[in-house]
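>>> quick one, what's the 3D model for this:
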Amino acid sequence: MYGISIAVLLLCSFIFSRYLKKTKRQRKLTSFEFMMYIITQCAIFLWLASFLILRYGLNQPTDL
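Numbers count the residues shown, from 1 in each chain. Below you'll find the model as predicted:
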């Protein structure tokens with residue numbers, strides 16, 4: 001269930017981000033739309049980074 005909710009959340013974020021990108025090409029974004037555009041872009045990037053870190057980890061053996 002948790003995986004499905006994350007997938008739906010990411011799908012909605014991608015769709016909203018594409019909508020704002022399309023709107024940005026047509027006209028200037030309002031301050032609220034621009035803020036939401038930046039927040040969704042950062043959120044997607046941060047989720048991807050945390051997913052990769054948790055999935056593959058940064059636990060590289062060190063030779064001491």
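
>>> where along this protein do the helices fall?
For the chain, the helices defined by DSSP state H occupy 2-26, 31-56.

>>> which strands and helices sit next to the longest one?
Okay, so that is helix 31-56. helix 2-26 (3 or more C-beta pairs under 8 Å, 6 or more residues apart in numbering; DSSP states H and E). Yep, even glycine has a C-beta here, placed from its N, CA and C like the rest.

>>> give me the contacts around the helix it packs on.
Helix 2-26 has contacts (C-beta atoms under 8 Å, 6 or more residues apart in numbering) with Leu29, Glu33, Met36, Tyr37, Thr40, Gln41, Ala43, Ile44, Trp47.

>>> nearest residue to the residue nearest to the spatial centre of the chain other than its sequence neighbours?
Geometric centre of the chain, nearest residue: Ile44, 0.7 Å, by C-alpha atoms, centre = their mean. Spatial nearest neighbour of Ile44, chain neighbours left out: Ser13 (5.6 Å); criterion: C-beta to C-beta, 6 or more residues apart in numbering.

>>> for the helices of the chain, give me JSON lines that also has mean pLDDT.
Putting those into JSON lines (pLDDT from 0 to 100) gives the following:
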{"stretch": "helix 2-26", "mean pLDDT": "87"}
{"stretch": "helix 31-56", "mean pLDDT": "87"}
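
>>> still on that earlier bit, got a list of what the residue nearest to the centre of the chain touches?
Leu10, Ser13, Phe14, Ser17.

>>> just the residues you listed now: which is nearest Ile53?
Leu10 (16.6 Å; C-beta to C-beta).

>>> can you report how many residues lie near the closest one?
15 (other C-beta atoms under 10 Å).

>>> how much space is there between it and Phe32?
Between Leu10 and Phe32 the computed distance is 22 Å (C-beta to C-beta, to the nearest Å).
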